[in-house]
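[1] Structure here, sequence nowhere to be found:
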């Protein structure tokens, strides 16, 4: 793609096209010029003969015969050969006529109020026509030579001008995959390209440092926070199994753990550069995975999902974010639906719908943190996170609900 | 012949520097019937691995004396028995997961995790390793002979088409985990996935052969999106 649109190719193409254009224009100009000169010579010959006739008449009182055999004098237009006369009637200012492979030039003049027409048959003197094949070959040869020379010059010039830029572009492409070492700019000349290389190196290394810092930070945060949450979560499971805590305390602690877990996951997710990378994947496969990887949900054998999405329906997005999104949507449906069923389907080729039955009073602002349904077993975080992820992915999300049904629409 | 190992037969090496998590996990897995050895650092883990045989090694990535990835590579390069490794870590970025799998990790579970899930994954890893070595799989009343494409339930031979056999094989190999519809289709038909009705039709014929002649169904649909074997119901 870059090769097809490269500046070097564009400059060479432009240079060649311009050379071709100039060569064609000059060739045409040479041909036209030769024809114009020839015509003017003929007109001058006729005009000279007319002057001679008029001077002779003034000196002798007789109208002489034209001095050359190819010249004929006529006293009336209708005495001229018929085709010439017909053409004259159509254009009375015309002085050059072509008929039956012959070319004529004429001039009308007056002597003592009488009009005469001097007609010259110049066919035998038309060197332009005679030499046209040779001139054409010469012009084509010159045309090819100029074009070839121009092409060589264009390639040479473009290479000299663009090679450092192409090298810079290739090196940046390699550095994008393999990383950039300090001193990247040293192999470039100390001109505008060298300056550009130096600035690219600075920016690249700066971004690399930021990304390393981001990775170290998120890794440390992940380790330092998730480890105690694991301890807390599993300790809570123990305590719940042993019924040590009363319902309110248990609920409060579970709520705090889920909030912590969800906050850490979302903060880390939004902080990471890798969540901007997109890839193509099967939508149904990730939905199924999100359901079956939810360890607690799988144990609830009475809950049913009805997925109506074509098996080969692909989407291009960030897979990790989508995993978290689908996991939250599925967990949300599981916690909120009143009949242990969730339907997932496509409203149109771009709209994914999660639908479940609901009961209780309608809840407004479902995407706000800690807003949840009256009968909900959830913690009111799921849809808040869903909206944030959708926003991050560039997808529009909207909730539609009535007395019985809750639908979540995502514009993919 | 490979039969389903009970958890009490599985010997696990747990390598984790966090004593609290290690203690909780040790107690849970031991209560489930696993035999556990615990190492708090890489050196102790290597000593255990050189002296004992384990069905699965659970590794934390942050160890005081070495990187968990280094230990994982050491296990994979030095142990002919090819012990399956379950990485247990708080590092959950794509890069970390990629590094883990490149080091030879067989599975990756990020914190915070449920101990029950750790137990299930250990079982699945141990079984997966055995499947590579054996050609006959027994789960409850069900027996599959991969070489002869031969299936019996409670000693009764079942007549299955080639595709139905492949589908049942993949469901059985995933047991006790649930395998999704798309995973089955990918494994049986490759990347050129057929319409989902094709799988539905094969599941119908598979049920007729596998469950219809018997009192209790063995093939279980989970949430309408995946399949597993209901061994607890079978023959109880």
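    Now that the structure is in, tell me what you want to look at. Because the structure is a prediction, the values reported are computed rather than measured.

[2] name the helices or strands packed onto the host helix or strand of residue A:37?
    Element membership of residue A:37 [criterion: DSSP states H and E] is helix A:7-60. Packing partners of helix A:7-60 (3 or more Cβ pairs under 8 Å, 6 or more residues apart in numbering or on different chains; DSSP states H and E): strand A:71-74, strand A:102-111, strand A:114-121, helix A:127-178. Bear in mind the C-beta positions are built from the backbone N, C-alpha and C, glycine included.

[3] Could you say which helix or strand holds residue A:352?
    Counting by DSSP H and E, residue A:352 is part of strand A:351-357.

[4] From the chain's centroid, how far away is that strand?
    36 Å (Cα atoms, centre = their mean, to the nearest Å).

[5] One more: stretch A:230-243?
    With Cα atoms, centre = their mean, you get 57 Å for stretch A:230-243.

[6] For that stretch, buried residues please.
    Buried residues in stretch A:230-243, counted by 16 or more other Cβ atoms under 10 Å in any protein chain shown: A:230, A:231, A:232, A:233, A:234, A:236, A:237.

[7] element containing the second one, please.
    Secondary structure here is read from DSSP H and E; on that basis residue A:231 sits in helix A:192-241.

[8] what's the angle from that helix to helix A:127-178?
    Interaxial angle, helix A:192-241 versus helix A:127-178 (axes from the mean of the first three to the mean of the last three Cα atoms, to 10 degrees): 40 degrees.

[9] and after helix A:192-241, which helix or strand comes next?
    With secondary structure assigned by DSSP H and E, helix A:192-241 is succeeded by helix A:247-271.

[10] Check which element follows that following helix along the chain.
    Next along from helix A:247-271, by DSSP H and E: strand A:279-282.

[11] Distance of the nearest residue to residue B:66 once chain neighbours are set aside relative to residue B:150?
    Ranked by Cβ to Cβ, 6 or more residues apart in numbering or on different chains and with sequence neighbours excluded, the top spatial neighbour of residue B:66 is residue B:42, at 3.7 Å. Distance of residue B:42 to residue B:150, given as Cβ to Cβ, to the nearest Å: 45 Å.

[12] ok and the residue in the stretch 251-400 of chain A nearest chain B?
    Nearest residue of the stretch 251-400 of chain A to chain B: residue A:288, at 3.7 Å (Cβ to the nearest Cβ).

[13] Test my guess that that residue contacts residue B:227.
    No: counting by Cβ atoms under 8 Å, residue A:288 stays clear of residue B:227, with 10.9 Å between them.

[14] Helix or strand: which one has the residue of the stretch 251-400 of chain A closest to chain B?
    helix A:283-292.

[15] what's whichever helix or strand comes after that helix in contact with?
    On the C-terminal side of helix A:283-292, the closest following helix or strand by DSSP H and E is helix A:295-299. Here helix A:295-299 makes contact (Cβ atoms under 8 Å, 6 or more residues apart in numbering or on different chains) with A:291-292, A:303, A:330-331, A:334, B:114, B:116-117, B:120, B:178, B:222-223.

[16] ditto for stretch A:324-341
    A:265-266, A:269, A:286-287, A:290-291, A:293-294, A:297, A:300, A:302-306, A:342, A:354, A:356-359, A:372-373, A:375-378, A:382-383, A:385-386, A:389-390, A:393, A:406, A:408.

[17] List the buried residues of it.
    Quick answer for stretch A:324-341 (16+ other Cβ under 10 Å): A:324-337, A:341.

[18] ok now it, how far from the chain's centre?
    That offset, for stretch A:324-341, works out to 41 Å (Cα atoms, centre = their mean).

[19] Include pLDDT and distance to residue B:83 when you put the contacts of helix A:295-299 into JSON lines, please.
    JSON lines is the format used below for the contacts of helix A:295-299 (pLDDT from 0 to 100; distance: Cβ to Cβ, whole Å):
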{"residue": "A:291", "pLDDT": "88", "distance to residue B:83": "31"}
{"residue": "A:292", "pLDDT": "86", "distance to residue B:83": "26"}
{"residue": "A:303", "pLDDT": "84", "distance to residue B:83": "36"}
{"residue": "A:330", "pLDDT": "87", "distance to residue B:83": "34"}
{"residue": "A:331", "pLDDT": "83", "distance to residue B:83": "34"}
{"residue": "A:334", "pLDDT": "83", "distance to residue B:83": "36"}
{"residue": "B:114", "pLDDT": "86", "distance to residue B:83": "23"}
{"residue": "B:116", "pLDDT": "86", "distance to residue B:83": "22"}
{"residue": "B:117", "pLDDT": "86", "distance to residue B:83": "20"}
{"residue": "B:120", "pLDDT": "86", "distance to residue B:83": "18"}
{"residue": "B:178", "pLDDT": "87", "distance to residue B:83": "25"}
{"residue": "B:222", "pLDDT": "87", "distance to residue B:83": "30"}
{"residue": "B:223", "pLDDT": "81", "distance to residue B:83": "33"}
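
[20] And the chain, what are its domain boundaries?
    Picking chain A for this. What automatic domain parsing lists as the domains of chain A is A:7-143, A:180-276, A:278-412.

[21] To clarify, I was referring to chain B.
    Taken from automatic domain parsing, chain B resolves into B:2-133, B:136-229.

[22] Let's have those in a markdown table, adding mean neighbour count and distance to residue A:194.
    Conversion of the domains of chain B to a markdown table gives the following (neighbours: other Cβ atoms under 10 Å in any protein chain shown; distance: least, Cβ to Cβ, whole Å):
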| stretch | mean neighbour count | distance to residue A:194 |
| --- | --- | --- |
| domain B:2-133 | 18 | 33 |
| domain B:136-229 | 17 | 48 |
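
[23] of all those, which lies closest to residue A:102?
    Residue A:102 sits nearest to domain B:136-229 of all those, at 77.2 Å, using Cβ to Cβ.

[24] can the closest one be found next to chain A?
    Yes: using Cβ under 8 Å from any Cβ of the partner chain, domain B:136-229 reaches chain A at B:177-183, B:185-186, B:193-196, B:222-226.

[25] picking that back up, in terms of mean pLDDT, which of the helices and strands packed on helix A:7-60 ranks lowest?
    Sorting those by mean pLDDT places helix A:127-178 lowest, at a mean of 86.

[26] That one packs against which elements?
    Taking 3+ Cβ pairs under 8 Å, 6+ apart as the contact cut, helix A:127-178 packs with helix A:7-60, helix A:192-241.

[27] Just send these back as CSV, with mean pLDDT too.
    Shown next, in CSV, are the helices and strands packed on helix A:127-178 (pLDDT from 0 to 100):
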stretch, mean pLDDT
helix A:7-60, 89
helix A:192-241, 88
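
[28] related to what we said a few turns ago, list only buried entries from the contacts of stretch A:324-341.
    Using 16+ other Cβ under 10 Å as the threshold, A:265-266, A:269, A:286-287, A:290-291, A:293-294, A:297, A:303-305, A:342, A:354, A:356-358, A:372-373, A:376, A:378, A:382-383, A:385-386, A:389-390, A:393, A:406, A:408 are the buried ones among the contacts of stretch A:324-341.

[29] Next, count neighbours for residue A:365.
    Residues lying near residue A:365 (other Cβ atoms under 10 Å in any protein chain shown) number 10.

[30] Tell me if I am right that it is in a helix.
    No: Residue A:365: not assigned to a helix; according to DSSP: H, G, I helix; E, B strand; the rest coil it is coil.

[31] about what we covered before: touching both of residue A:288 and residue B:227, which residues are there?
    With Cβ under 8 Å, 6+ apart, residue A:288 and residue B:227 have common neighbours residue B:181.

[32] Which residue ranges of chain B form strands?
    B:2-3, B:11-15, B:35-39, B:56-60, B:85-89, B:107-110, B:136-139, B:142-145, B:150-153, B:156-158, B:179-180, B:219-222, B:226-229 (DSSP state E).

[33] Low-confidence ranges, chain B, go.
    Along chain B, the parts satisfying pLDDT under 70 run over B:1-8, B:80-81, B:130-134, B:232-236.
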